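Colleague: pasting a predicted model and its sequence here:
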Amino acid sequence: MLNIVLFGPPGAGKGTQSEKLIEKYGLTHLSTGDLFRKHLGEGTDLGKLARTYMDQGHLVPDQVVISMVEDKISTTKDSKGFIFDGFPRTTAQAEALDAMLISNGMKISGMIALDVPHEILKERIKERGKTSNRADDQNEEKVNTRIKVYLDETLPVAKYYEKQDKYTSINGVGGIDEIFEEISEVMDSY
Ligand code: ADP
């Protein structure tokens, strides 16, 4: 089983690369942002709760995210493995994920981080905001908050995997296929 954490700031290209990885490796995509947006669209209580945080660019509380991921893992049967996208976003989430995987006889194969300068991230998110229909993409202040939250709360997660010798960083600027090739090389080394 291959279980990958695809890591990087908002706008780094995690969603785009995930789609290609799913196609090539047949893995299950687990994007917490997508799961929240699904709940939001369906108007569930979880969606309503998540919206209050997401619209401001803040993180949804750990316990809410962790329960949702637990549910998704336990209801996904016969998977070849998972691509975790946008999760874990805090060290507490990373610890909870390890515990969950261990209890299911699984483990993280590695973290692949997409490295993109902040100025480029802002441009990409602004561009995406024209069509994404996401409130959090359409306001510069919220985008800045998301990048700050990433630096303060999410970046330590990279250290968590570095300590376990599971961390690889890749240049996330360039052509989509070129970046995908680099990711594939790392995937094939697992
Ligand atoms: P992006 O990577 O572009 O910021 P995501 O779709 O991954 O977009 O996440 C959108 C929002 O959903 C985040 O800003 C946050 O409010 C919420 N969210 C997603 N994943 C998590 C998570 N693992 N922990 C806390 N909040 C999350």
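Modeller: Here it is on my side, so go on. Numbering: from 1, shown residues only.
Colleague: show me which residues of the protein sit near the ligand.
Modeller: 10-11, 32-33, 36, 53-54, 57-60, 65, 86-87, 89, 93, 136, 146 (Cβ under 6 Å from any ligand atom). All C-beta atoms are positioned from the backbone trio N, CA, C, and that covers glycine.
Colleague: which of these count as buried?
Modeller: 10-11, 32-33, 36, 54, 57, 59-60, 65, 86-87, 89, 93, 136, 146 (16 or more other Cβ atoms under 10 Å).
Colleague: distance of residue 116 from the ligand?
Modeller: Relative to the ligand, residue 116 is positioned 11 Å away (Cβ to the nearest ligand atom, to the nearest Å).
Colleague: what residues are up against that residue?
Modeller: Residues in contact with residue 116, defined by Cβ atoms under 8 Å, 6 or more residues apart in numbering, are 8-9, 11-13, 124, 172-173.
Colleague: mind redoing it with 6 Å?
Modeller: 12, 172-173 (Cβ atoms under 6 Å, 6 or more residues apart in numbering).
Colleague: quick check: which element contains whichever residue of the chain sits closest to the ligand?
Modeller: Nearest residue of the chain to the ligand, counting by Cβ to the nearest ligand atom: residue 33, 1.8 Å away. Following DSSP states H and E, one finds residue 33 within helix 32-42.
Colleague: buried residues in that helix?
Modeller: Going by 16+ other Cβ under 10 Å, helix 32-42 has these buried residues: 32-33, 35-37, 39-40.
Colleague: so which elements touch that helix?
Modeller: helix 45-54 (3 or more Cβ pairs under 6 Å, 6 or more residues apart in numbering; DSSP states H and E).
Colleague: pLDDT on the helix it packs on, on average?
Modeller: Taken as a whole, helix 45-54 carries a mean pLDDT of 96.
Colleague: ok, residues contacting it?
Modeller: Outside helix 45-54, the residues touching it (Cβ under 6 Å, 6+ apart) are 36, 39-40, 60, 136.
Colleague: how far out from the middle of the chain is that helix?
Modeller: Taking Cα atoms, centre = their mean, to the nearest Å, one finds helix 45-54 lying 18 Å from the centre of the chain it belongs to.
Colleague: angle of that helix against helix 32-42?
Modeller: Here helix 45-54 runs at an angle of 120 degrees relative to helix 32-42 (axes from the mean of the first three to the mean of the last three Cα atoms, to 10 degrees).
Colleague: following the chain past helix 45-54, name the next helix or strand.
Modeller: Criterion used, DSSP H and E; the element after helix 45-54 is helix 62-75.
Colleague: the residue positioned nearest the centre of the chain: what's it in contact with?
Modeller: Geometric centre of the chain, nearest residue: residue 86, 1.7 Å, by Cα atoms, centre = their mean. Neighbouring residues of residue 86 by Cβ under 6 Å, 6+ apart: 31-33.
Colleague: reformat those as JSON lines; add pLDDT.
Modeller: Formatted as JSON lines, those follow (pLDDT from 0 to 100):
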{"residue": "31", "pLDDT": "97"}
{"residue": "32", "pLDDT": "98"}
{"residue": "33", "pLDDT": "96"}
